[in-house]
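Chemist: Coordinates for the following, if possible.
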Amino acid sequence: MGGSAALLMLTLAVMAVLPLPWMIRAPGPTLDTLGMVDGEHVITVSGADTYPTGEGQLRLTTVSVSGGPGRSISLFDAISAWLRKDAAVLPRELLYPEDQDPEQLSEYQVQQMSASQEFATAAALSELGYQLDMTLTVAELMPELPAAEVLEVGDVVTAITPAGGGTTELRDFGQLIGVLAELPAGTDVTLRVLRDDVPTDVTFATSPRPEGDPGEGSLLGVWMNTEVDQFPVDIAFDIDQIGGPSAGMMFAIAIVDRLTPGELTGGADIAGSGTMSIDGRVGPIGGIQQKLYGASRDGATWFLVPQGNCAETIGQVPDGMGIAAVETLEGAVEAVEAIAAGETGGITSCEAFVASQG
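Modeler: The predicted structure is shown next:
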């Protein structure tokens, strides 16, 4: 009996220190996008009038990850995390595929952060009424869809004409999305493209949106690279040690606040997380549950949640925190304005949004 007990204790001791193929995701730091770091504004604006933003905060949120490449966790670490409401134990391959080099992943996350800042700038300036001229380039084809038969990677799309409709000259991505939103899948469209600087017309049928995509209309069926030709206002970001695209929404709201008179937050401490597309759509992110707890820890009383993450928040909202489900930059700004005015009755919560989806 004594030998068996000793063997069991030895086995448990070995298991406790053996590295496990799991990772722990926990609340990370938050950062006020309206604030300053080391005496410098997190977001610096030049080329346009800026306005005081008051005492309120617009906090981006992050997660802390243990157990990445070269940083294995033990069984004791995993058990401790399992017992915490604000942490999650997940398979390592969810974030760190075995065939992906850690340095390449880190570089990719930096690139995502840079892209999120550019998209946030474009979305915010568009929301404020600036006209942004954009170049729309075919970046990748989907072989199974009709567009792949006539378009080529590198084609620059300059105009679209639906069958039986008028021609829209495309100055920005929003115009293209607006036209497609009115077209059922299978509608023939003619695109005018520049192919090796030569104007060319191609015609094909639009494709359906993926299952679960709440957008209206149809899609071209290609991946587009969208670049702003020149920003009318210079926006710079002083962000270190944070990667990925999930701060895009909070960057965009902060830019809107800096460039409009008055205090958008009304003194409230508001946090959030969500990607931002160049045309102002808010996308889902990872680690929403941990970000909620990190925001609550740092004093936020409201959290802006992408509609695509709402189901993950049910039963996971810290006490005393209000939730606003948002789909677009316009909707996010309206939610912040409602919080500032104390008129939150019209804000859609995640519980209400999930219930509305059946």
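
Chemist: by contact count, what packs against the host helix or strand of Val110?
Modeler: Element membership of Val110, judged by DSSP states H and E, is helix 102-127. Applying 3 or more CB pairs under 8 Å, 6 or more residues apart in numbering; DSSP states H and E, we find helix 102-127 packed against strand 222-228, strand 234-237, helix 248-258, strand 275-276, helix 329-341. Every C-beta, even on glycine, is put in place using the N, C-alpha and C of the backbone.

Chemist: I'd like to know which of the ones you listed lies nearest to Thr33.
Modeler: helix 248-258 (3.8 Å; CB to CB).

Chemist: ok and that closest one relative to helix 329-341, angle-wise?
Modeler: Going by axes from the mean of the first three to the mean of the last three CA atoms, to 10 degrees, helix 248-258 is angled at 60 degrees with respect to helix 329-341.

Chemist: which ones are touching Val228?
Modeler: Residues near Val228 by CB atoms under 8 Å, 6 or more residues apart in numbering: Glu118, Thr121, Ala122, Leu132, Asp133, Met134, Ile278.

Chemist: check contacts around the first one.
Modeler: Looking back up the chat, that one is Glu118. Counting by CB under 8 Å, 6+ apart, Glu118 makes contact with Val228, Ile278.

Chemist: Quick check: pLDDT value at it.
Modeler: Looking at Glu118, its pLDDT is 93.

Chemist: picking that back up, and the helices and strands packed on helix 102-127 as a markdown table, adding mean pLDDT?
Modeler: Below are those laid out as a markdown table (pLDDT from 0 to 100):
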| stretch | mean pLDDT |
| --- | --- |
| strand 222-228 | 92 |
| strand 234-237 | 95 |
| helix 248-258 | 97 |
| strand 275-276 | 96 |
| helix 329-341 | 97 |
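
Chemist: any idea how far the residue nearest to the spatial centre of the chain lies from Gln112?
Modeler: Geometric centre of the chain, nearest residue: Thr275, 1.2 Å, by CA atoms, centre = their mean. The gap separating Thr275 from Gln112 is 9 Å, by CB to CB, to the nearest Å.

Chemist: any common contacting residues for those two?
Modeler: Common neighbours of Thr275 and Gln112, using CB under 8 Å, 6+ apart, are Pro245.

Chemist: got the helices and strands packed on helix 102-127 as JSON lines, with distance to Phe204 columns?
Modeler: Shown next, in JSON lines, are those (distance: least, CB to CB, whole Å):
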{"stretch": "strand 222-228", "distance to Phe204": "10"}
{"stretch": "strand 234-237", "distance to Phe204": "37"}
{"stretch": "helix 248-258", "distance to Phe204": "31"}
{"stretch": "strand 275-276", "distance to Phe204": "29"}
{"stretch": "helix 329-341", "distance to Phe204": "31"}
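
Chemist: Just the buried residues from the contacts of Val228, in PyMOL please.
Modeler: To isolate in PyMOL the members of these that are buried, counting by 16 or more other CB atoms under 10 Å, one can use:
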select buried, resi 118+121+122+132+134+278
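
Chemist: of all the contacts of Val228, which comes closest to Val233?
Modeler: Within the contacts of Val228, distances to Val233 taken as CB to CB reach their minimum at Thr121, with 8.0 Å.

Chemist: just the helices in the protein please.
Modeler: For the chain, applying DSSP state H gives helices covering 2-17, 75-82, 102-127, 173-181, 248-258, 288-297, 310-313, 329-341, 350-356.

Chemist: Could I get the CA-only coordinates of stretch 38-56 as CSV?
Modeler: Extracted in CSV, the C-alpha atoms of stretch 38-56 (Å, rounded to 0.1, in the frame of the first residue of the first chain):
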residue,chain,number,x,y,z
ASP,A,38,5.4,58.2,-21.8
GLY,A,39,4.3,61.7,-22.5
GLU,A,40,3.1,60.9,-26.1
HIS,A,41,-0.5,60.6,-27.3
VAL,A,42,-1.4,57.0,-28.2
ILE,A,43,-3.0,58.5,-31.4
THR,A,44,-1.5,61.7,-32.9
VAL,A,45,-3.4,63.7,-35.4
SER,A,46,-1.9,66.3,-37.8
GLY,A,47,-3.4,68.2,-40.7
ALA,A,48,-6.8,68.8,-39.1
ASP,A,49,-8.2,70.6,-36.1
THR,A,50,-8.5,68.4,-33.0
TYR,A,51,-10.6,68.8,-29.9
PRO,A,52,-10.3,67.9,-26.1
THR,A,53,-11.7,64.5,-25.3
GLY,A,54,-12.3,65.1,-21.6
GLU,A,55,-11.9,62.6,-18.8
GLY,A,56,-13.6,59.6,-20.4
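
Chemist: in the helix holding Val110, what's buried?
Modeler: By neighbour count, with 16+ other CB under 10 Å as the criterion, the buried positions of helix 102-127 are 105, 112-113, 116-127.

Chemist: Of the helices and strands packed on helix 102-127, which is nearest Leu194?
Modeler: With CB to CB as the criterion, Leu194 lies closest to strand 222-228 of those, at 13.8 Å.

Chemist: List the buried residues of that closest one.
Modeler: The neighbour-count check on strand 222-228 (16+ other CB under 10 Å) flags Val222, Met224, Thr226, Val228 as buried.

Chemist: domain ranges for the chain?
Modeler: Domains of the chain are assigned by automatic domain parsing as 22-65+76-128+232-356, 134-228.

Chemist: if you compare those domains, which one is most tucked away?
Modeler: domain 22-65+76-128+232-356 (a mean of 19; mean count of other CB atoms under 10 Å).

Chemist: Just the endpoints, please. Distance across it?
Modeler: Start to finish, the residues bounding domain 22-65+76-128+232-356 are 35 Å apart (CA to CA, to the nearest Å).

Chemist: again with stretch 92-110
Modeler: 20 Å.
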